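Trainee: Sequence first, predicted model second:
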Amino acid sequence: MTRDSDERLTVPDLSMPEATGSRRMDWAALPREVTAGIEQLLGSPVTHAISQSGGFSEGLAARVRLGNGKRAFIKAASSLTAPAEADFHRREIAVSERLPREVPAPRLLDSYDDGTWVVLAFEEIPGQLPAQPWQREELRRVLTTVTQMADVLTPSPVERAILAKPRLGGLTAMADDAAVRGKVEELSPWAAHHVDELAALEENASLDGVTLLHGDLYPFNIMLTADRVFVVDWPHAWIGPRHGDAVTLMSSASLSGVDPQSLAGNHPLTRDLDPVRINEVLALHAGFLLRTAAEAGPDADPHIVAMMTALGLGSLRWLRKRL
């Protein structure tokens with residue numbers, strides 16, 4: 001592949017957008033019957049709730065304090081107003097119920113689904129998102145946890161029938177869609193000019209493996225405490241190669257000015273891999289992210305589109321250097 005110019009891939013200020021959507025629901029907006037159901041679920045009235053603005057879901061995310069002194073983290077969505085998010089919640093319930101205790105994920109306390117509202121109650125993690133740009137020690141801690149997580153989740157404790165298809169690929173479809181291809185060209189002329197080679201990486205990709213992967217391992221789905229790393233939000237989990245989550249996380253680190261190639265060369269999940277395997281994951285992730293961003297309509301959350309665009313371009317920037 002030639003190294004023709006691509007302004008979007010070479011700008012020094014390509015960085016991680018703010019990890020906040022624009023359609024979060026506030027606790028006060030929950031119907032009374034739903035809050036009553038949550039209180040019944042937890043066995044105590046909610047005395048204080050702090051709605052969380054971070055993240056991209058359309059539903060509720062809130063930290064709550066209960067009358068008995070306990071705390072919990074609540075996620076909720078309505079099938080009427082946010083059907084996709086409600087379905088994600090249903091899948092996350094199924095996955096979370098099957099995660100071994102050794103997995104560094106918040107414990108699901110309980111859940112309910114009345115056909116319209118889907119509610120998940122997790123243990124509250126008294127932590128915070130990793131700093132962006134990445135701090136070296138925090139990134140080291142998270143990459144160590146990714147290795148440990150792959151060990152615990154190989155083979156997958158969750159059967160494939162419960163999981164969604166991996167959110168991967170899009171360059172092949174883009175090659176046959178002039179409108180989408182044109183929008184992607186606005187984001188990355190290099191990708192549009194090399195779509196055939198990138199589509200070949202997608203089509204020939206080997207995703208064989210028996211590891212349960214998180215499927216959306218970016219900084220906004222990680223919580224850090226003083227001594228632990230937690231990975232949250234599991235609705236997009238899928239079964240594949242052990243290195244899948246590690247490559248995804250490393251590609252996002254490029255938005256912090258971190259050289260992902262140096263990370264990959266020293267990480268136990270990637271250092272001995274056939275280089276083509278890494279290239280395939282990068283192409284598949286970039287394809288999904290950029291195609292989705294390009295297809296977004298006027299009603300799409302602009303924060304989500306910005307995040308997908310940045311992450312897709314980050315994957316492409318690393319892939320371009322590797323090729």
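Mentor: Structure received. Numbering: from 1, shown residues only.

Trainee: if you skip the residues just before and after it, what's nearest to W27?
Mentor: If the residues on either side of it in the chain are set aside, W27 comes closest to A49, at 4.1 Å by CB to CB, 6 or more residues apart in numbering. All C-beta spots, glycine's among them, are computed from the backbone N, C-alpha and C.

Trainee: Doesn't the one you found belong to a strand?
Mentor: Yes: using DSSP: H, G, I helix; E, B strand; the rest coil, the assignment for A49 is a strand.

Trainee: Look up how far I239 lies from it.
Mentor: To I239, A49 is 36 Å away according to CB to CB, to the nearest Å.

Trainee: neighbour-wise, which of these two wins?
Mentor: More neighbours surround I239 than the other of A49 and I239, with 22 against 18 (other CB atoms under 10 Å).

Trainee: Make sure that one is actually in contact with L212.
Mentor: Yes: under the criterion of CB atoms under 8 Å, I239 lies in contact with L212, with a separation of 5.9 Å.

Trainee: Enumerate every residue touching the nearest residue to A173 once chain neighbours are set aside.
Mentor: In this structure, A173 finds its nearest non-sequential neighbour in R291, 6.6 Å apart by CB to CB, 6+ apart. Contacts for R291 (CB atoms under 8 Å, 6 or more residues apart in numbering) come out as G170, L171, A173, M174, V180, V184.

Trainee: Next secondary structure element downstream of the helix or strand R291 falls within?
Mentor: Element membership for R291, per DSSP states H and E: helix 275-295. Counting by DSSP H and E, the next helix or strand C-terminal to helix 275-295 is helix 302-322.

Trainee: Convert that following helix to CSV, retaining C-alpha atoms only.
Mentor: What follows is helix 302-322 as a C-alpha-only set of coordinates in CSV (Å, rounded to 0.1, in the frame of the first residue of the first chain):
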residue,chain,number,x,y,z
PRO,A,302,-23.4,13.3,17.9
HIS,A,303,-21.3,12.2,20.9
ILE,A,304,-21.5,8.6,19.9
VAL,A,305,-20.6,9.4,16.3
ALA,A,306,-17.6,11.4,17.3
MET,A,307,-16.4,8.6,19.6
MET,A,308,-16.8,6.0,16.9
THR,A,309,-15.0,8.2,14.4
ALA,A,310,-12.1,8.8,16.6
LEU,A,311,-11.7,5.1,17.6
GLY,A,312,-12.0,4.0,14.0
LEU,A,313,-9.4,6.5,12.9
GLY,A,314,-7.2,5.4,15.8
SER,A,315,-7.3,1.8,14.6
LEU,A,316,-6.6,2.9,11.0
ARG,A,317,-3.7,5.0,12.0
TRP,A,318,-2.0,2.0,13.7
LEU,A,319,-3.0,-0.4,10.8
ARG,A,320,-1.6,2.0,8.2
LYS,A,321,1.8,2.1,10.0
ARG,A,322,1.8,-1.7,10.2
